[in-house]
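S.K.: Quick one, what's the 3D model for this:
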Amino acid sequence: MYIVRDAQKKKKYLLKGTTDEYTDDEVYAQMCTESYDRVQETRKFKSAQTREEMKKLLGLGYSFCPSEGMLVDYYLKKKIMDELIDYCLIEEVDNVYAIHPQDLAGMSQVQYFFTSHPFELQSTDVKGRWIAGVKEDIVFKDVKVGFKQTVDYCEGNHKIGYNITEYQLCSLPENPKNGLWFICKLNMDGISVDELN
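M.R.: Okay, the predicted model is just below:
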């Protein structure tokens, strides 16, 4: 819905998709809102379609390996701002820590996920547990853009070869439109893809 604010006892309606454009015309504001919502739904649908098409086209020989700075400053920032990310193969998983890492593993040694549940808020339903390491800064183009933290998966008292590197922005952009998100990079150290099948 559109947002109403009171200015000099006249209703002003925010034009959705903008940060500072208002109108007195409620019908026009409603039309803008509906148009904006349609565009957003179309973009999300096309993004999902593109992701599936890209997987089919690229096949097993493709390797997605962005730098840590690019992960945070481009992919994560665009996700939080709800901007279209061209050719993005990062899957969205509500809470990666609540799923056994073997169930998250795909056809490569490394998998990337967007998640809205950071390690600090984990509520795990799996038989093992996640143990976190220290946070480290991520610097991109000589500017600190975020943090990373490696989290190891253990069953009993043993690490079993899975770990997640969790990436987050050091500060949220102004007016985040899509809430708070994180990127998790699942690594399968010493586990061959054949062992997963």
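
S.K.: Each with direction, which strands does the helix or strand harbouring Ala132 pair with?
M.R.: Counting by DSSP states H and E, the element that carries Ala132 is strand 129-140. Using DSSP bridges, the strands paired with strand 129-140 are strand 143-155 (antiparallel).

S.K.: Touching the partner strand from outside, list them.
M.R.: Strand 143-155 is contacted by residues 68-69, 72-73, 76, 97, 101, 119, 127-139, 159-160, 162-170 when judged by CB atoms under 8 Å, 6 or more residues apart in numbering. Where C-beta positions appear, they are placed from N, C-alpha and C, glycine not excepted.

S.K.: rerun at 6 Å
M.R.: Where contact means CB atoms under 6 Å, 6 or more residues apart in numbering, the residues beyond strand 143-155 that reach it are 72-73, 101, 119, 128-133, 135-138, 159, 162-170.

S.K.: tell me what the helix or strand following that strand is packed against?
M.R.: Remark: after strand 143-155, the chain's next helix or strand is strand 158-169, criterion DSSP H and E. Here strand 158-169 touches strand 143-155, strand 182-188, going by 3 or more CB pairs under 6 Å, 6 or more residues apart in numbering; DSSP states H and E.

S.K.: so of those strands, which one's packed in deepest?
M.R.: strand 182-188 (a mean of 22; mean count of other CB atoms under 10 Å).

S.K.: Report the angle between that strand and strand 158-169.
M.R.: Relative orientation of strand 182-188 and strand 158-169, computed by axes from the mean of the first three to the mean of the last three CA atoms, to 10 degrees: 150 degrees.

S.K.: Please name every helix or strand in contact with strand 182-188.
M.R.: Counting contacts by 3+ CB pairs under 6 Å, 6+ apart, strand 182-188 packs against strand 110-115, strand 158-169.

S.K.: please redo it, this time with the cut-off set to 10 Å
M.R.: Other elements packing on strand 182-188 under the criterion 3 or more CB pairs under 10 Å, 6 or more residues apart in numbering; DSSP states H and E are helix 77-80, helix 101-104, strand 110-115, strand 143-155, strand 158-169.

S.K.: Now do it and strand 110-115, the angle between them.
M.R.: Going by the same axes, to 10 degrees, strand 182-188 makes 150 degrees with strand 110-115.

S.K.: ok, strand 182-188: who's next to it in the sheet?
M.R.: Sheet pairing of strand 182-188 (DSSP bridges) gives strand 110-115 (antiparallel), strand 158-169 (antiparallel).

S.K.: Okay, domains of the chain per the record?
M.R.: The chain breaks down by the TED database into domains covering 22-62, 66-188.

S.K.: As JSON lines, the ones you listed with mean pLDDT would be great.
M.R.: JSON lines is the format used below for the domains of the chain (pLDDT from 0 to 100):
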{"stretch": "domain 22-62", "mean pLDDT": "65"}
{"stretch": "domain 66-188", "mean pLDDT": "85"}
